[in-house]
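Undergrad: Need coordinates for the following:
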Amino acid sequence: DDALESCNTFIIVTPTSTHFDIASKAIENNIDVFIEKPVTSNVNEANKLIELAKGKNVKVQIGHIERFNPAIISLDDYNLDPVFIESHRLSQFNPRGTDVSVIHDLMIHDIDIILNLVKSPVSNIDANGVSIITGKIDIANARIKFENGCVANVTASRISQYKMRKMRIFQKNAYISIDFLQNLSEVFRLTTGDEKANTESFGLGGIELENGQKVMYERPNIDDINPLKFELMKFFEAVTDNKEPIVTLEDGKQAIEVAADIVKAVEKSLEQIKKFH
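TA: This is a model prediction of the structure:
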C-alpha cells in the first residue's frame, strides 16, 4: 500500500498466485506494470486485468524474456513462416516455480514464441505429461495444431539431468535452429544460383539441386544483449515514449490460455491411462 502511493511503475516478480492482486491494485492506481510470466494463475484473472486496463493510461508488459534473447532477435530480418516447429526446454529440478506446472513454468516460454511466430488460432491440442517430484505436472509434451496448418511439437521437463533450450523451425525452403541457452541461431535455406549470400553464408557441402538452387548455411550475427536488461529497457521505453509494449497483456493471456488447454489435455490423457491400470 505504501508503494502504491510512492511509485509510478511496478515490476512484479512475486509468486504467480499473487500477480493478479498486485497488478490489479497498481492498474487501478494508474501505475505502469511489468508482470513476470506467467501473467496470472488463470485466464479469468488475465481477462479481468485486460478489462481493468481499458480506459486507464497505463502500460502493461509481460516478462516473456525469450522474446529478447539475442538468438531470436538475430532472425528479425528473416521471413519466418513455419509449417512445423519442434522445441525442447529441459531443466534440472529447482524448487522455485513449483507452485505451477512445468507447462506454466517452462513450456510457456516456447508457447509464447510459437504463438508470436505462427500468428494463427489454435485448432487442436494433444498432450501427455506426468507428475514425478511435485504435486504438479513435471514433464509434458504437447502437439499443437493451428488453423493455418502449422504444427508445433513442444516438450518441457524440470527433472532433466542437463539443461536444454532449443527450437527448430521448418518452413518452405528453409530450416532454422535456435539455441536459447547458447545464444545461437543457424539457418539452412535454398537459394538461387545467382543470389548473393551475406558474409556469414557459405554453400553446404557443394550441394546443388537440378533446378540450380543451392543449400546455403548462414549463422546470423548475434548482438551482445543481456535479455533481462534489454527486456526492462524496452518496458522503460514503452512507458517514457508512450509505445505499445513488445509483449502485451493480451500476449500473456493467449500464452496461459494455450497452457491451460495443454494442462486439460494432459489430465484427459492421464484419465485414459488410469482406465487401463
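
Undergrad: Would you mind measuring from S87 to P121?
TA: Distance, S87 to P121, using C-beta to C-beta, to the nearest Å: 19 Å. For the C-beta atoms, the positions are set from N, CA and C on the backbone; glycine is no exception.

Undergrad: who's more crowded, these two?
TA: It is S87, of S87 and P121, that has more neighbours when counted by other C-beta atoms under 10 Å, with 24 against 10.

Undergrad: And the more buried one, how close does it get to D223?
TA: Relative to D223, and taking C-beta to C-beta, S87 is found at 22 Å.

Undergrad: go on, L184?
TA: Counting by C-beta to C-beta, the gap from L184 to D223 is 13 Å.

Undergrad: Please identify which of those two sits among more neighbours.
TA: Taking neighbours as other C-beta under 10 Å, L184 and D223 compare with L184 leading, 16 against 10.

Undergrad: any idea of the pLDDT on the more buried one?
TA: pLDDT, L184: 94.

Undergrad: can you give me the helices in the stretch 1-150 of the chain?
TA: 2-6, 16-28, 43-53, 70-73, 102, 108-118 (DSSP state H, counting those that start in this stretch).

Undergrad: Pull the first one out as CSV, backbone CA atoms only.
TA: Provided in CSV are the C-alpha atoms of helix 2-6 (Å, rounded to 0.1, in the frame of the first residue of the first chain):
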residue,chain,number,x,y,z
ASP,A,2,2.9,2.4,0.7
ALA,A,3,4.4,1.6,-2.7
LEU,A,4,1.1,2.4,-4.4
GLU,A,5,1.4,5.9,-3.0
SER,A,6,5.1,6.4,-3.7
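
Undergrad: Next, the buried residues of that helix.
TA: The neighbour-count check on helix 2-6 (16 or more other C-beta atoms under 10 Å) flags nothing as buried.

Undergrad: Now do it: everything it contacts.
TA: 10, 25-26, 29, 31 (C-beta atoms under 8 Å, 6 or more residues apart in numbering).

Undergrad: pLDDT averaged over that helix - what is it?
TA: Rounded mean pLDDT across helix 2-6 is 90.

Undergrad: now the shortest one
TA: Helix 102 carries an average pLDDT of 93.

Undergrad: For that helix, give me every contacting residue.
TA: Contacts for helix 102 (C-beta under 8 Å, 6+ apart): 129, 136-140, 156-158.

Undergrad: so what's Y78 up against?
TA: By C-beta under 8 Å, 6+ apart, Y78 lies in contact with 174, 176, 187, 220.

Undergrad: quick one: it and H109, what's the gap?
TA: Applying C-beta to C-beta to Y78 and H109 gives a distance of 20 Å.

Undergrad: low-scoring stretches of the stretch 151-277 of the chain, by residue?
TA: For the stretch 151-277 of the chain, the stretches with pLDDT under 70 are 192-212, 277.

Undergrad: The stretch 1-150 of the chain now?
TA: 97.

Undergrad: Which helix or strand contains A265?
TA: helix 249-274 (DSSP states H and E).

Undergrad: now the angle from that helix to helix 108-118?
TA: If you take axes from the mean of the first three to the mean of the last three C-alpha atoms, to 10 degrees, helix 249-274 sits at 120 degrees to helix 108-118.

Undergrad: And helix 249-274, what does it pack against?
TA: Applying 3 or more C-beta pairs under 8 Å, 6 or more residues apart in numbering; DSSP states H and E, one finds that helix 249-274 makes contact with helix 43-53, strand 60-63, helix 108-118, strand 122-130, strand 139-146.
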